[in-house]
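>>> Requesting a structural model of the entry that follows:
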Amino acid sequence: MTSARRRSALAVVRGVPRVVLAAGVAVVLLAATVAWLLVGRASGGAGVTAGAGRATPTPGVAVGSLPPPPPLPLVDARGRVVVLDPGHDGGNGAAPAEINRKVDAGGFLKECDTVGAQTDAGYPEHAFTFDVANRAAQLLRARGVTVVLTRDDDTGIGPCVDARARAGAAAHADVSVSIHADGGPAAGSGFHVIAPDRAPDGVNERILTSSARLATGLRDAYEAATGEQPANYVANQQGIVDRSDLGGLNLSTVPKVFIECANMRNAVDAARVSDPGWRQRAAEGIVAGILRYLAAPAG
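Prediction:
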């Protein structure tokens, strides 16, 4: 800009009353603020990103952006017994010989256990399942429920799938839930509940109907509590899958299901499972599903 033009521009500014100038500045600042808010709302607000035991902001998955979870059902569950089975274990990765040995899986042999999945940032499934199981146990015990965990720490090996399956009968449990997180395709997201189909040896035949009822109630309660949608990468995308290839279901003689709480390989799901606040919601969803089952007439 030339000196003459600069002087002309300054003269114009100097000729404008200060009130008008202040109003103009305020309009500009207000417009910038509105634009910032709109961008933030479009991205879903602040959330968390996956990390090994810690959470940092990322768009779209904040627990605070979800509607409040429904209250837990008002069910008198005092004296009932629930087995919670946190999948895998922290020591499995260092014990391949032990976890790879074959055990009975209900008419065929299968590996004792596996290492489990993890997020791309390294947060492991075994840590997630142990945390959620203990959160759920605390909620259930506050209702007078006796809770039995299939493992008491996250540093051991196993137990094997046959022992996990038989824990329900050993505890004389009313219900058993195995807690997992999936390692599905990175483009897929969501959760699903696995209900038992008839095992090859027929051991679980008497629990198929009751387990199906448990699966339906758990699916509905979990979705309401967590905001997670039924998995979009499984066949029916309805949130429930029947399987006969899992020893943990084939050998159970008490009503039992697995829940794959999220897909750890998906970026949004990985952020959720890495967030302690969301894990509390996951526990609440599992507990709500269990309480619904306990409240309904047997059948």
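
>>> From the centroid of this structure, which residue is nearest?
C261 (3.6 Å; C-alpha atoms, centre = their mean).

>>> so who does it touch?
128, 132, 179-181, 191, 222, 226, 228, 273, 282 (C-beta atoms under 8 Å, 6 or more residues apart in numbering). In short, each C-beta sits where N, CA and C put it, glycine included.

>>> what do you get if the cut-off is 6 Å, keeping everything else the same?
By C-beta atoms under 6 Å, 6 or more residues apart in numbering, the contact set of C261 is 181, 191, 282.

>>> Select from those the one having the most neighbours.
Ranked by neighbour count under the definition other C-beta atoms under 10 Å, those are headed by A181 with 32 neighbours.

>>> Please, which helix or strand holds that one?
Following DSSP states H and E, one finds A181 within strand 175-182.

>>> And the pLDDT for the residue nearest to the centre of the chain?
At C261, the model reports a pLDDT of 98.

>>> Doesn't it belong to a strand?
Yes: the assignment for C261 is a strand, going by DSSP: H, G, I helix; E, B strand; the rest coil.

>>> What separation is there between it and R141?
Distance of C261 to R141, computed by C-beta to C-beta, to the nearest Å: 21 Å.

>>> repeat for H172
Going from H172 to R141 by C-beta to C-beta gives 17 Å.

>>> repeat for K256
20 Å.

>>> same question, Y222
For Y222 relative to R141 (C-beta to C-beta), the value is 20 Å.

>>> ok, those two, which is more surrounded?
It is Y222, of Y222 and R141, that has more neighbours when counted by other C-beta under 10 Å, with 26 against 12.

>>> A helix includes the more buried one, no?
Yes: secondary structure of Y222 (three-state DSSP): part of a helix.

>>> Excluding chain neighbours, what is closest to it?
Once flanking residues are discounted, Y222 sits nearest to G285: 3.6 Å by C-beta to C-beta, 6 or more residues apart in numbering.

>>> Just the element for that neighbour, please.
Counting by DSSP H and E, G285 is part of helix 276-295.

>>> which secondary structure elements does that helix contact?
helix 125-141, helix 208-226 (3 or more C-beta pairs under 6 Å, 6 or more residues apart in numbering; DSSP states H and E).

>>> Check what contacts it and list those residues.
Helix 276-295 is contacted from outside by 63, 69, 72-73, 75, 77, 80, 82, 131-132, 135-136, 139-140, 175, 214, 217-218, 221-222, 225-226, 261, 272, using C-beta under 6 Å, 6+ apart.

>>> Quick one: low-confidence residue ranges for the stretch 1-150 of the chain.
1-62, 64 (pLDDT under 70).

>>> quick one, helices of it?
3-14, 18-42, 96-100, 125-141 (DSSP state H, counting those that start in this stretch).

>>> which residues sit against the third one?
Outside of helix 96-100, the residues within contact range by C-beta under 6 Å, 6+ apart are 92, 111-113, 157.
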